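In: Sequence and predicted model, in that order:
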Amino acid sequence: MLSLNNPDLFRQQAYVNGQWIDAESPTRKAVTNPATGEVLGDIPCLNEAETRAAIEAADTAFASWKKRTAKERCGYLRRWFELIQQNAEDIARIMTAEQGKPLAEARGEVQYAASFIEWFSEEGKRAYGDLIPSPTGDKRLMVMKEPVGVCAAITPWNFPAAMITRKVAPALAAGCTILVRPADATPFTALALAVLAEQAGIPAGVLNILTGKSRVIGAELTANQTVRKLSFTGSTEVGRQLMAQCSSSLKKLSLELGGNAPFIVFEDADIDAAVEGAMMSKFRNTGQTCVCTNRLYVHNAVYEEFSQKLAQAVSDMHVGNGAEEGVNQGPLIDAGAVSKVEEHIADALQHGASLLAGGERHALGGNFFKPTVLGNVTQKMLITREETFGPVAPIVCFSSDEEVIQQANDTEFGLASYFYSRDINRVWRVAEALEYGMVGVNTGIISNEVAPFGGVKQSGFGREGSKYGMDEYQTLKYVCMGGL
Ligand SMILES: NC(=O)C1=CN([C@@H]2O[C@H](COP(=O)(O)OP(=O)(O)OC[C@H]3O[C@@H](n4cnc5c(N)ncnc54)[C@H](OP(=O)(O)O)[C@@H]3O)[C@@H](O)[C@H]2O)C=CC1
Ligand SMILES: O=C(O)[C@H](O)CS(=O)(=O)O
């Protein structure tokens, strides 16, 4: 059982309209620890009618929440931020237990998640409109920013706190209410955040956490006309499906989808810095982030040095249960994730790749896998075309800037990209040539609350965090005042 300072944070019920509820159905979904397989608890499975009732509650709450001043709404967010800080250790422990990431990373995610609430508790007070110089003397023209309405968020298991606060914070700051459906694998972190939102005084119906079958809840959230906005973070495949389901009600959409990030090391790079950046970008959350490096391109002049140093650093990683201090590589989320990693490695080796580190399941068994480095990788291999979402670093050797930019852009995805170079002309040329929503230059970590996070092409659209994050939850109203 989880040992928490505040056991009240561990809830096994949905949170709807300010109430902790079970479902009508006795069926419940078990949640397991991916490191040990133990059952941590279970959650109710709301049906479509119960989802509809939650939407109606959010709509009722919207009528009053939108009328509060931005300062009032942001005051609630500030208190929520402070309560999360006070309970950060417990939230991290819940997260590691249900998602598997090392405790140090979970603590980092809690701070990352809280930073979005802090950021939008400030941004929300600066949702300025416009006064437009009128082309005729008898009119005054103005633009108002208004909350879009009742929103829905469907979030993935890999960042059980941050992917929720990155949507909920701007929505509430803008005056919207929201229904969140967290991944079945990681509901308890979301429910702990709801406990603290309730304690912060956020009114009933403003924030709702729906648990249960994603297809059932998703079908109602996407079809229901009262829901005016959907924000989704997850795979491109599901994102396309949800977008289609939203078309009948023409919802405003934000889609943060899959990635296939290139990591390029030019011959003028600081190799030790590039190795450090590759470790951070590739193996964060055991490679289970959408902005993880998915393929590495190393110039032939530095290929041997970089490959050997990366293989050594990877071999030194400590794989284990994320709750154990010192572990820096936890389990994959489930058996399916392990199979996908094995499929990508086997395909690469069959097509001529060489194994430089790892390459097989860990002796701990279950969902544990040895962090892996592959050399002599080519664009023909699955691992450079599909998102691995696991701890495998495939290295392709290249010889010219033109060649590597063409290879880096040769994907339907466009979320994150990275490169290391100390030539200022090359830095500008390559940053402008890469077809991605985000570019890391001489760094493997680019995510924070102040910058616009999002992609292009099949990685989706919309931006989260930054001053742009508010736009996703607002509409513009033009008021033309005549007869003056
Ligand atoms: N761009 C980004 O920021 C991110 C992108 N991703 C991408 O997502 C993938 C891995 O994450 P993963 O969670 O497995 O992605 P999925 O797309 O499978 O799931 C994401 C969320 O959507 C839910 N979901 C799945 N199918 C449906 C449906 N038909 N209707 C409604 N909801 C549904 C899932 O619920 P449940 O699992 O409970 O069924 C989960 O809560 C990778 O491709 C990764 O790149 C992941 C995180 C961030
Ligand atoms: O879900 C993800 O992978 C996150 O968006 C990555 S990050 O924001 O933590 O970098």
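Out: That came through fine. Numbering: from 1, shown residues only. Ligands and ions are numbered 1, 2, ... in the order given.
In: quick check, the longest helix seen in the chain touching ligand 1?
Out: Counting by DSSP state H, the longest helix found in the chain is helix 103-123. No - judged by Cβ under 6 Å from any ligand atom, helix 103-123 and ligand 1 are separated, with a smallest distance of 12.5 Å. Glycine gets a C-beta too; all of them are placed from N, C-alpha and C.
In: in that helix, what's buried?
Out: 103, 105-107, 109-110, 112-121, 123 (16 or more other Cβ atoms under 10 Å).
In: For the stretch 151-300 of the chain, list the residues in contact with ligand 2, please.
Out: Within the stretch 151-300 of the chain, the positions near ligand 2 by Cβ under 6 Å from any ligand atom are 156, 158-159, 162-163, 233, 289-291.
In: Inside strands: which ones of the residues you listed?
Out: The strands, defined by DSSP state E, take in Thr233 from those.
In: Of the residues of the stretch 151-300 of the chain next to ligand 2, which is the nearest to Asn87?
Out: Ala162 (15.7 Å; Cβ to Cβ).
In: what's the nearest residue to that closest one if we skip its chain neighbours?
Out: Ala113 (4.1 Å; Cβ to Cβ, 6 or more residues apart in numbering).
In: okay, the residue positioned nearest the centre of the chain: pLDDT?
Out: Against the mean C-alpha coordinate of the chain, by Cα atoms, centre = their mean, the closest residue is Met163 at 4.5 Å. We have a pLDDT of 98 for Met163.
In: neighbours of the closest residue to it other than its chain neighbours, just the number please.
Out: Spatial nearest neighbour of Met163, chain neighbours left out: Thr155 (4.3 Å); criterion: Cβ to Cβ, 6+ apart. Here the number of neighbours of Thr155 (other Cβ atoms under 10 Å) works out to 26.
In: How about Ala194?
Out: 26.
In: swap in Gln241?
Out: So Gln241, with other Cβ under 10 Å, has 15 neighbours.
In: Over to Gly483?
Out: Gly483: 5 surrounding residues under other Cβ under 10 Å.
In: who are the neighbours in contact with Val319?
Out: Counting by Cβ atoms under 8 Å, 6 or more residues apart in numbering, Val319 makes contact with 327, 329-330, 362, 364, 368-371.
In: So which bits of the stretch 251-400 of the chain are right by ligand 1?
Out: With Cβ under 6 Å from any ligand atom as the criterion, the stretch 251-400 of the chain comes near ligand 1 at residues 256-259, 290, 387, 389.
In: In strands only, show me those.
Out: Per DSSP E, those map to strands at Glu256.
In: returning to what we had before: ok, the residue nearest to the centre of the chain to Met438 distance?
Out: 16 Å (Cβ to Cβ, to the nearest Å).
In: swap in Gly218?
Out: In terms of Cβ to Cβ, Gly218 sits 27 Å off from Met438.
In: Can you turn the buried part of the contacts of Val319 into a PyMOL selection?
Out: If you want just the buried ones from the contacts of Val319 in PyMOL, going by 16+ other Cβ under 10 Å, the selection is:
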select buried, resi 327+329+330+362+368+369+370+371
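In: Where does the stretch 51-200 of the chain get nearest to ligand 2, residue-wise?
Out: Phe159 (4.5 Å; Cβ to the nearest ligand atom).
In: hang on, that residue packs against Glu109?
Out: Yes - if you go by Cβ atoms under 8 Å, Phe159 and Glu109 touch, sitting 6.0 Å apart.
In: Average pLDDT for stretch 246-259, rounded please.
Out: Stretch 246-259 carries an average pLDDT of 98.
In: hang on, the earlier thing: would you convert the residues of the stretch 151-300 of the chain next to ligand 2 into CSV that also reports distance to Gly75?
Out: Below are these laid out as CSV (distance: Cβ to Cβ, whole Å):
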residue, distance to Gly75
Pro156, 30
Asn158, 31
Phe159, 26
Ala162, 22
Met163, 24
Thr233, 27
Thr289, 32
Cys290, 33
Val291, 32
